[in-house]
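Enquirer: got a predicted structure here, sequence first:
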Amino acid sequence: MIVYSPLTLDKLASQRLLRDEALAISALKDLPNILFPVMFEEAFINGYTKVLTAMIPVWPYPYLSVGRMIENLNLETLKAMLGGLDILIAQKVRSSRCKLREINWRNGYHHVYDICTRSYEGLPGFMTQKQPMQNSPGCGVKKELKVTTQLELIEGRLDESAAYLLQWAQQRKDSIHLCCRKLEIQGLTKAAVIDIFNVLHADCVQDLELRRLRIEDLAFLNPYLRQLNNLLHLTLSHITDTLSDSEISQLPTFQCLKSISVTTVSFIYGNLKGLLRCLKKPLDSLSITDCNLSQSDLDFLPYCLNIFELKSLKIAYIDLFYFHLEPLRFFIERVGHSLECLELESCGIQDSQINNLLPAISQCFHLRAVSFCDNDFSLLFLKELLYHTAQLSQLESERYPAPLECYESGVIRSHRLENFCPDLLDILRAKRKPNEVTFETTKCSKCGGFYIYDLETQSCVFEI
């Protein structure tokens, strides 16, 4: 059954007013501030572009975020809002009502009423004249208006809306500060990269994703990457070319980097030390997925000084069956005082190997989430693992593999999982009250489905 919530009075009022765009525009001068966010949302989603243009120069709050509504952003809607900004820029004396200083075009959740209460540090509460605005730390520029966005360069091209925004900002660079918080480059053309970095301020980029690039692409990007002085999050994905030691040493050093995520990157094999040398400050999060690692890579982990404050460690889809895991145990021991999330998924870890890690895991008293799915644990050693994690009182989310006894000649026996799980849960309940716990089988090779037993339903459910 689908339950529909009744429309609020402010939404009904906005919808009624927007039936006549001319009337809605003329009413803006007398519209209560509290109705602006609701009316903006209705106009944005339903394409009332003339109303959007008229609302920008009289926006009564310092901040305007498109947020989740960005899914409804098309070129005409973007042009309408930028047209409103052009009117605002051209005004010698602003309306006493307008306090707009920043528009956020990033994709993220912002409740429509958040923009009414959001504080804006350093911004006067009442503003009638054009005044320079101090942007966030690291931007180093003062402009009248700030436009915060994210850019995706897919197959070497920006989509038409992003390209239009970039061109618009370039033509108004004396008045507009284009602040790109997240930059994704998936394949590139040199001209597009040059255009982007000619407009945006590199110090603003905090999140960088590099996907499906070649060695020559990385070499071309290096001078630009060195400008990202405030980069916090770096993602490398599907880079299948190998790099020599000298080429890896040319990767830039990032001063503020807090997280690294590496997925399907060939050059990491035997070169984890070279990759992590780019760190200047302690890392918060390290994720390595679907990569080939060498024993020397694991051996290096306990000796990398800038990951001893790690809060999140993920190693997934990496075959560790033939590895000696003592270095991983030593590393977990070293970060046990700070580690909050530990994921060792689809690593082919056997009973004896997990047994080697248990003393270290049991000392990670700040762990809030663990996942050991898709590893080869017998029922006996799975119970041993649970005896250790039962001691971790801060755990909120736990994912465990179904024991090997749930399989017979490659076939999943879901009834066995349903029989085992109550006793497994009792191990946890004997020490603490578990919050979110699941036991999951591997995926069926024929249908791709798997069985999951969770604490909430306490039953075995098939999922795809």
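Expert: Okay, I see it. Numbering: from 1, shown residues only.

Enquirer: show me the strands in the stretch 101-250 of the chain, by range?
Expert: 102-104, 133-134, 142-143, 145-154, 176-186, 207-211, 233-239 (DSSP state E, counting those that start in this stretch).

Enquirer: lowest-confidence stretch among these?
Expert: Among the strands of the stretch 101-250 of the chain, strand 133-134 carries the lowest mean pLDDT, a mean of 40.

Enquirer: tell me the strands beside the strand or helix carrying V461, with direction?
Expert: Assigned by DSSP states H and E, V461 belongs to strand 460-463. Strand 460-463 has the following sheet partners, assigned by DSSP bridges: strand 450-454 (antiparallel).

Enquirer: now the strand it pairs with: how far from the chain's centre is it?
Expert: Strand 450-454 sits 27 Å away from the centroid of its parent chain (CA atoms, centre = their mean, to the nearest Å).

Enquirer: ok so, going back, can you point out the buried residues in the strand holding V461?
Expert: C460 (16 or more other CB atoms under 10 Å). The way it works is simple: take the backbone N, C-alpha and C, and place the C-beta from them, glycine included.

Enquirer: returning to that earlier point: so which of the strands of the stretch 101-250 of the chain gets nearest Y322?
Expert: For these, proximity to Y322 was assessed by CB to CB; strand 233-239 is nearest, at 24.7 Å.

Enquirer: need the residues that contact the closest one.
Expert: Residues outside strand 233-239 that contact it (CB atoms under 8 Å, 6 or more residues apart in numbering): 206-214, 218, 254, 257-267.

Enquirer: chain neighbours aside, what residue packs nearest to T189?
Expert: G156 (3.7 Å; CB to CB, 6 or more residues apart in numbering).

Enquirer: what's the burial count for that neighbour?
Expert: 15 (other CB atoms under 10 Å).

Enquirer: gap between it and T240?
Expert: 18 Å (CB to CB, to the nearest Å).

Enquirer: swap in L257?
Expert: For L257, the distance to T240 - CB to CB - is 23 Å.

Enquirer: neighbour-wise, which of the two wins?
Expert: L257 (22 against 11).

Enquirer: my guess is K280 contacts N306, does it?
Expert: Yes: here K280 reaches N306: they are 7.4 Å apart, a contact under CB atoms under 8 Å.

Enquirer: out of those two, which sits in the busier spot?
Expert: Per other CB under 10 Å, whichever of K280 and N306 has more neighbours is N306, with 15 against 11.

Enquirer: tell me the SS of the more buried one?
Expert: Applying DSSP: H, G, I helix; E, B strand; the rest coil to N306 yields a three-state assignment of helix.

Enquirer: who's in contact with it?
Expert: By CB under 8 Å, 6+ apart, N306 lies in contact with 276, 279-283.

Enquirer: pLDDT score assigned to R16?
Expert: According to the prediction, R16 has pLDDT 69.

Enquirer: swap in S5?
Expert: pLDDT at S5 comes out at 50.

Enquirer: from what I see, I288 and I268 are in contact.
Expert: Yes: using CB under 8 Å, I288 is in contact with I268, at 7.2 Å.

Enquirer: shared neighbours of those two, which are they?
Expert: Common neighbours of I288 and I268 (CB under 8 Å, 6+ apart) are V262.

Enquirer: got the contact list for the strand holding V461?
Expert: Contacts of strand 460-463 (CB under 8 Å, 6+ apart): 414-415, 417-418, 421, 449-454.
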